[in-house]
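Asker: starting from these lines, generate the structure:
(2 chains)
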2 protein chains.
Amino acid sequence: MSDKIDNISVGKKANVFFDGKCVSHSVFFPDGSRKTVGVIMPGAALTFNVGAPELMEITAGECQVRIAGEPDFKTYAAGSSFKVAENGSFEIHAKDEVNYICSFGSD
Amino acid sequence: MSDKIDNISVGKKANVFFDGKCVSHSVFFPDGSRKTVGVIMPGAALTFNVGAPELMEITAGECQVRIAGEPDFKTYAAGSSFKVAENGSFEIHAKDEVNYICSFGSD
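Answerer: Numbering: from 1, shown residues only, chains lettered A, B, ... in the order given. Okay, the predicted model is just below:
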């Protein structure tokens, strides 16, 4: 897997969540779609509410995630991913620096 | 000024400094050069040591900066920039969320 996303534009202004415990930059593709490339700080335990469906691809680090409606936390590490349904939510506990790419929209 | 940087690649892994008080992503240009697009959290007072010369362009927010060798702090806000010499350093106090683009190399 490449360590870069190619042929895109990047937003100059960061998206800062939870007092900086999560920081991302927006990435714009030639087809008009948007993803975010971001990081969650070690030890952070955050709950995200989701509008459009999201695909979260973990590119570095390890986290425990519980998606709304699921009974248990599951472990996700670099190379794994999870989906969150429209108007859903998920809790994420970052064991170390968790880097991710978040995609929006339908499957 | 565009709110995006176009025709680039972005690194998937964030650069995290000072326990997340500064977070950036690397941006790679077709000519092989690299910049970073980053954010400094409100209230952070940080000192950065510089290897290659740096150009810091402030794209949002306001900060006080003292470059090594200068007597006083100066105010920089969106649309302004400052340069730091090779092997220099600078102190930066972020008044609010400070977004920046950092370029490396000679003038």
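
Asker: and stretch A:87-105, how far out from the chain middle?
Answerer: Mean C-alpha position of stretch A:87-105 versus that of the full chain (C-alpha atoms, centre = their mean, to the nearest Å) differs by 4 Å.

Asker: and that stretch, how far apart are its ends?
Answerer: 12 Å (C-alpha to C-alpha, to the nearest Å).

Asker: ok, it near chain B or not?
Answerer: Yes. Against chain B, stretch A:87-105 shows contacts by C-beta under 8 Å from any C-beta of the partner chain at A:E97, A:N99, A:I101. For every residue, glycine as well, the C-beta is placed using N, CA and C.

Asker: and for stretch A:40-60?
Answerer: Yes. Judged by C-beta under 8 Å from any C-beta, stretch A:40-60 comes into contact with chain B through A:M41, A:T59, A:A60.

Asker: check which helix or strand covers the second one.
Answerer: A:T59 belongs to strand A:54-60 when elements are defined using DSSP states H and E.

Asker: in chain A, which spans are strands?
Answerer: A:4-11, A:15-17, A:22-28, A:34-40, A:45-49, A:54-60, A:62-67, A:74-77, A:81-84, A:89-94, A:98-104 (DSSP state E).

Asker: want to try CSV for these, with mean pLDDT as columns?
Answerer: Below are those laid out as CSV (pLDDT from 0 to 100):
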stretch, mean pLDDT
strand A:4-11, 98
strand A:15-17, 98
strand A:22-28, 98
strand A:34-40, 98
strand A:45-49, 98
strand A:54-60, 98
strand A:62-67, 98
strand A:74-77, 98
strand A:81-84, 97
strand A:89-94, 98
strand A:98-104, 97
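
Asker: relative to B:V27, which of those is closest?
Answerer: strand A:4-11 (5.8 Å; C-beta to C-beta).

Asker: now that closest one: buried residues?
Answerer: A:K4, A:I5, A:I8, A:S9, A:V10, A:G11 (16 or more other C-beta atoms under 10 Å in any protein chain shown).

Asker: what's the answer for stretch A:93-103, then?
Answerer: Buried, per 16+ other C-beta under 10 Å, within stretch A:93-103: A:H93, A:A94, A:E97, A:V98, A:N99, A:Y100, A:I101, A:C102, A:S103.

Asker: ok, now which ones touch the first one?
Answerer: So the one you mean is A:H93. Neighbour list for A:H93: A:A44, A:A45, A:C63, A:Q64, A:V65, A:F73 [criterion: C-beta atoms under 8 Å, 6 or more residues apart in numbering or on different chains].

Asker: returning to that earlier point: restrict the buried residues of strand A:4-11 to those near chain B?
Answerer: A:K4, A:I5, A:I8, A:S9, A:V10, A:G11.

Asker: so what's the residue count around A:P30?
Answerer: The burial count assigned to A:P30 is 9, neighbours taken as other C-beta atoms under 10 Å in any protein chain shown.

Asker: what does the one 3 residues further on give?
Answerer: For A:S33, the neighbour count with other C-beta under 10 Å is 12.

Asker: residues contacting the nearest residue to A:M41 once chain neighbours are set aside?
Answerer: For A:M41, ignoring the flanking residues on the chain, the nearest one in space by C-beta to C-beta, 6 or more residues apart in numbering or on different chains is B:G20 at 4.5 Å. By C-beta under 8 Å, 6+ apart, the contact set of B:G20 is A:G20, A:K21, A:V23, A:M41, B:M41.
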